[in-house]
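J.: The following comprises the amino acid sequence and a computationally predicted model.
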Amino acid sequence: MREKPTGITPAALEAIANGDAFNAALAMTPGGIEAQEAVGQKMLVVSDTLPTKGLLFDQIRAGGPANIYADFIQKLGFNIGDAVDELFTVVHLPPGWKKQPTEHSMWSDLLDERGRIRASIFYKAAFYDRRAHIHWNSPVTTALFYTEDGKNQYDHPRGIGGSLVGVVKLDGKEIWRSDVVVVESGASDILQKQRWLKEEGIGQLCAKQADILFPDRQNPFAYWS
């Protein structure tokens, strides 16, 4: 005879081991952790805090130089205060800036006075894995997509061939487009590899062109109008 599930999850066991009755009960309640994360997002959005990780500097690559953001942030009008815990720092935003929740409870946007998403904020409020960071967004972006009859097909099905192009955008506006590359349809391993190589090649071409047009694009505070 099979035993009925107890409802005791690993998160609940961790809370029980730590003598945390509240979070143990929360973890054993269906949807309890998700609700905790949603509440965490709401509290973040209305608070005067931002994640400490990524706020003032960002490591570009392992072992590489770091982007230092403190001067840029202060010139924009941010007022940086003290850390409130191991994850968050008091930050008073410039006039007109605000935090806005996304549909995902772990992600929120930081909008400037013109409504542009200047940073993406991650916060996982679950008690057993609580963590947060902020990622500053550059206005310079690249994208790949297929076209059909001159129209962009962003939801182009995987495995289907077509006309592949890459673009460089500044603040959401396309400023450079690659030549069209024809990709064959088919599910064979050879065709899938060819398709992947072509997509990788166009992606590298876009990145190279973006570097030429915007040599300081690794600085997420550059090129905003």
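T.: Received, thanks. Numbers count the residues shown, from 1 in each chain.

J.: Now for this protein, the helix or strand with the poorest mean pLDDT.
T.: Taking mean pLDDT, DSSP states H and E as the measure, strand 151-153 is the helix or strand of the chain with the lowest mean score, a mean of 63.

J.: contacting residues for residue 52?
T.: Residues in contact with residue 52, defined by CB atoms under 8 Å, 6 or more residues apart in numbering, are 83, 86-89, 132. Glycine gets a C-beta too; all of them are placed from N, C-alpha and C.

J.: show me where this structure has helices.
T.: Listed in chain order, the helices of the chain (DSSP state H) span residues 10-17, 21-27, 32-46, 70-76, 189-213.

J.: could these be laid out in JSON lines, adding mean pLDDT?
T.: Below are the helices of the chain laid out as JSON lines (pLDDT from 0 to 100):
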{"stretch": "helix 10-17", "mean pLDDT": "68"}
{"stretch": "helix 21-27", "mean pLDDT": "66"}
{"stretch": "helix 32-46", "mean pLDDT": "92"}
{"stretch": "helix 70-76", "mean pLDDT": "94"}
{"stretch": "helix 189-213", "mean pLDDT": "92"}
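
J.: Excluding chain neighbours, what is closest to the most centrally placed residue in the chain?
T.: The structure's the chain has its C-alpha centroid closest to residue 120; by CA atoms, centre = their mean the separation is 5.4 Å. Spatially, and ignoring its direct neighbours in sequence, residue 120 is nearest to residue 135 (4.8 Å; CB to CB, 6 or more residues apart in numbering).

J.: Please list all residues in contact with that neighbour.
T.: 54, 58, 119-122.

J.: So which of those sit within strands?
T.: Mapping the contacts of residue 135 onto strands (DSSP state E) picks out 58, 119-122.

J.: sorry, back to before: tabulate the helices of the chain in CSV, adding columns for distance to residue 168.
T.: Output for the helices of the chain, formatted as CSV (distance: least, CB to CB, whole Å):
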stretch, distance to residue 168
helix 10-17, 43
helix 21-27, 46
helix 32-46, 32
helix 70-76, 22
helix 189-213, 5
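
J.: Domain-wise, how is the chain divided?
T.: Here the domain parsing of the chain from automatic domain parsing is 32-136, 140-213.

J.: now do the same end-to-end measure for the shortest one.
T.: In domain 140-213, first residue to last residue: 10 Å (CA to CA, to the nearest Å).

J.: do the same with the first one
T.: The first and final residues of domain 32-136 sit 31 Å from each other (CA to CA).

J.: Work out the gap between it and the centre of the chain.
T.: With CA atoms, centre = their mean, to the nearest Å as the basis, domain 32-136 stands 11 Å off its chain's centre.

J.: Can you pull out the low-pLDDT segments for this structure?
T.: For the chain, the stretches flagged by pLDDT under 70 are 1-7, 12-15, 17, 20-24, 26-27, 59-65, 149-159.

J.: Quick check: residue 176 vs residue 105, distance?
T.: Applying CB to CB, to the nearest Å, the value for residue 176 to residue 105 is 36 Å.

J.: Tell me which of these two has more neighbours.
T.: Neighbour comparison, residue 176 and residue 105: the larger count goes to residue 105, with 20 against 15 (by other CB atoms under 10 Å).
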